[in-house]
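Q: the sequence and its predicted three-dimensional model are supplied below.
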Amino acid sequence: MRSHMIAFGVGGGLALVAAGALALIAPKFAERHDGGDGFHIVNITDGGRGSFHLKDDALDVSAEWKGDFSFAADGRSLTALTERLEVASKDQNGERKAVFENRKGAIVARAFKGDRETPAGADADREAGDLLQLFARSSGVNADSRVKAMLTAGGKARVIEEIGALVGGHAVGAYVEALAAEAALDDADVRVLAARVKGLTSDYAKRSALGALLTTQELSEASIAAIIDVAKTIEGDHELRLIVEQLAEKKISERNFAIASRLIDEIEGDHEVRLAVSALLESENLDDADAARALKAAAAKIDGDHELRLALESADERLQDGEVGGAGLAVIAAIEGDHERRLAIEDFADSLEGESPHWIGLAEAAKGVSSDHERRLAVEAIYGAAPQSSDIRAALRQVAETIGSDHERRLALEALD
């Protein structure tokens with residue numbers, strides 16, 4: 001048996017544990033998120049078995065199942081069940097339980113209060129339905145299939161209404177994601193969903209919902225503004241960066257690049273900014289003009305020399321382009337430490353092939369390296385990577401002659417001979 005520990009933050013002291021076959025649960029359950037606010041999910045692959053547990057001060061609901069199952073649109077009954085599902089809850093009124101079983105093709109529901117079974121009939125059906133709906137609304141389990149059922153029964157308005165009744169941020173994120181994948185949403189729909197998502201405390205749930213809306217919908221400026229307004233409430237840089245990565249996987253239109261740039265502006269940590277910029281630069285969907293803009297944004301946003309140099313490294317062969325290379329030289333100029341600047345120059349030089357106007361620019365960048373030793377290494381790196389050219393050699397010789405140390409200057413000049 002293989003297990004995966006996953007944690008999602010939703011706040012409010014809420015604890016959730018879910019375990020089950022990954023085929024039964026949305027793919028996001030297989031991702032790892034470590035939140036520090038008490039919300040946890042555990043998935044355990046063990047045949048067709050699964051379990052779920054959510055607990056806070058007012059609510060304690062759990063479920064265990066074997067085999068596949070599907071909710072009806074209202075979540076109060078099952079449209080399919082291959083084996084067995086059991087749902088239980090505890091509150092100030094005591095313990096309740098509902099058991100659903102497949103008996104020769106028929107789904108049979110039983111309800112219990114404490115150890116006493118409610119006699120079969122309308123009361124038992126209502127009690128079992130209440131518990132099943134609570135499970136559906138609190139877990140996000142099988143959200144995709146339930147959203148499809150609700151769309152068939154009542155359209156997107158029915159799903160949006162249900163999203164307002166869900167318990168817990170994780171379920172909201174899962175249902176918004178499922179709806180966005182299945183239906184075209186207008187400004188009014190996005191406005192309602194954005195307001196619902198904004199009220200959540202879970203950064204993960206917000207990211208799930210917003211990322212789905214941004215990557216599946218044709219959004220107006222008004223809808224984009226509503227989504228960015230919610231994104232500004234995400235405290236974790238990591239989750240904001242993941243939205244940028246989702247955008248980078250799609251066709252990066254002028255609109256999507258503008259959205260990604262606005263999200264990057266909200267990220268504070270150098271590391272996450274760099275990862276977001278790198279995701280854009282490494283995307284085949286990004287054109288060179290936007291790559292240059294991404295590098296300029298990195299130079300303006302990232303303070304740390306190491307992260308800035310890694311952002312430049314992500315541009316790689318794009319640096320051949322005149323505009324991208326020019327932005328890359330601006331990144332080098334923004335790096336203050338001699339060692340990181342020299343490494344950045346080496347990375348840039350290794351990315352260039354053949355004739356390029358940037359060789360002379362790199363030589364000029366080497367002049368900005370204060371350390372004699374690092375400046376000499378920069379000269380040698382450029383010369384070793386550049387094509388044989390009298391202009392390039394002359395530019396590098398000028399740099400070498402500015403080295404103060406006799407020893408380092410001699411080594412640099414010898415390398416050029």
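A: Sure thing, it's come through. Residues are numbered from 1 along each chain as shown.
Q: hey, where'd the strands end up in the stretch 51-200 of the chain?
A: Chain-ordered strands for the stretch 51-200 of the chain, with DSSP state E, counting those that start in this stretch as the definition, fall at 60-66, 69-71, 78-81, 84-91, 94-103, 106-113, 116-117.
Q: is it possible to export those to CSV including mean pLDDT, distance to Gly211 and mean neighbour count?
A: Yep, even glycine has a C-beta here, placed from its N, CA and C like the rest. Compiled in CSV, those are given as follows (pLDDT from 0 to 100; distance: least, C-beta to C-beta, whole Å; neighbours: other C-beta atoms under 10 Å):
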stretch, mean pLDDT, distance to Gly211, mean neighbour count
strand 60-66, 91, 27, 21
strand 69-71, 96, 24, 21
strand 78-81, 97, 29, 16
strand 84-91, 94, 30, 18
strand 94-103, 96, 33, 17
strand 106-113, 97, 35, 16
strand 116-117, 96, 45, 10
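Q: so which of these comes closest to Glu336?
A: Nearest to Glu336 among the strands of the stretch 51-200 of the chain is strand 60-66 (54.6 Å), distances taken as C-beta to C-beta.
Q: who are the packing partners of that closest one?
A: With contacts defined as 3 or more C-beta pairs under 8 Å, 6 or more residues apart in numbering; DSSP states H and E, the packing partners of strand 60-66 are strand 49-55, strand 84-91, helix 122-139.
Q: quick check: buried residues in the longest one?
A: The neighbour-count criterion (16 or more other C-beta atoms under 10 Å) identifies 124-125, 127-139 as the buried residues of helix 122-139.
Q: name the residues that touch that helix?
A: Outside of helix 122-139, the residues within contact range by C-beta atoms under 8 Å, 6 or more residues apart in numbering are 16, 18, 52, 54, 59, 61, 63, 71, 74-78, 87-89, 96-100, 109-111, 113, 117-118, 141-142, 146, 162, 165-168, 170-171.
Q: what's the closest non-adjacent residue to the residue nearest to the spatial centre of the chain?
A: Most central residue of the chain, judged by C-alpha distance to the mean C-alpha position with C-alpha atoms, centre = their mean, is Leu242 at 2.3 Å. Distances taken as C-beta to C-beta, 6 or more residues apart in numbering put Arg207 closest to Leu242, at 5.7 Å, once the chain neighbours are dropped.
Q: so that neighbour versus Asp270, what's the distance?
A: Using C-beta to C-beta, to the nearest Å, one obtains 20 Å as the distance from Arg207 to Asp270.
Q: isn't Glu355 up against Asp391?
A: No: taking C-beta atoms under 8 Å as the definition, Glu355 is not a contact partner of Asp391, at 10.4 Å.
Q: domains in the chain, by residue range?
A: Following automatic domain parsing, one finds the domains of the chain at 2-139, 142-235, 337-417.
Q: for Glu249, which of those domains is the nearest?
A: Comparison of those against Glu249 by C-beta to C-beta identifies domain 142-235 as nearest, at 7.6 Å.
Q: residue ranges of the helices in the stretch 251-400 of the chain, please?
A: Counting by DSSP state H, counting those that start in this stretch, the segments of the stretch 251-400 of the chain that form helices are 254-266, 270-281, 288-301, 305-315, 322-334, 338-351, 358-367, 372-385, 390-401.
Q: buried set for the longest helix along the chain?
A: Ranked by residue count and defined by DSSP state H, the top helix of the chain is helix 143-163. By neighbour count on 16+ other C-beta under 10 Å, the buried set for helix 143-163 is 143-151, 156, 158-160, 162-163.
Q: contact partners of it?
A: Counting by C-beta under 8 Å, 6+ apart, the neighbours of helix 143-163 from elsewhere in the structure are 26, 70-75, 79, 136-137, 171-172, 174-179, 181-183, 185, 189, 192-193, 196.
Q: only whichever of these are buried, select them in PyMOL.
A: In PyMOL, the members of the contacts of helix 143-163 classed as buried (16+ other C-beta under 10 Å) are selected with the following command:
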select buried, resi 26+71+72+73+74+75+136+137+171+172+174+175+176+177+178+179+183+185+189+192+193+196
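Q: how about low-confidence regions in the stretch 251-400 of the chain?
A: Within the stretch 251-400 of the chain, no range satisfies pLDDT under 70.
Q: if we can go back for a sec, what pLDDT, on average, does the longest helix of the chain get?
A: Mean pLDDT, computed over helix 143-163, is 97.
Q: count the residues that sit near Thr82.
A: 13 (other C-beta atoms under 10 Å).
Q: if we can go back for a sec, tell me which of the contacts of helix 143-163 fall in helices.
A: In helices, judged by DSSP H, the following of those are found: 136-137, 171-172, 174-179, 181-182, 189, 192-193, 196.
Q: and the two most separated of those residues?
A: Farthest pair in the ones in helices among the contacts of helix 143-163, by C-beta to C-beta: Ala136 and Asp189, 21.5 Å.
Q: about what we covered before: out of the buried residues of helix 143-163, which is nearest to Asp417?
A: Top of the list for closeness to Asp417, among those and by C-beta to C-beta, is Asp144 at 68.1 Å.
Q: quick one on the thing from earlier: for Glu284, which of the strands of the stretch 51-200 of the chain is the nearest?
A: By C-beta to C-beta (comparing all of those), the closest turns out to be strand 69-71, at 37.7 Å.
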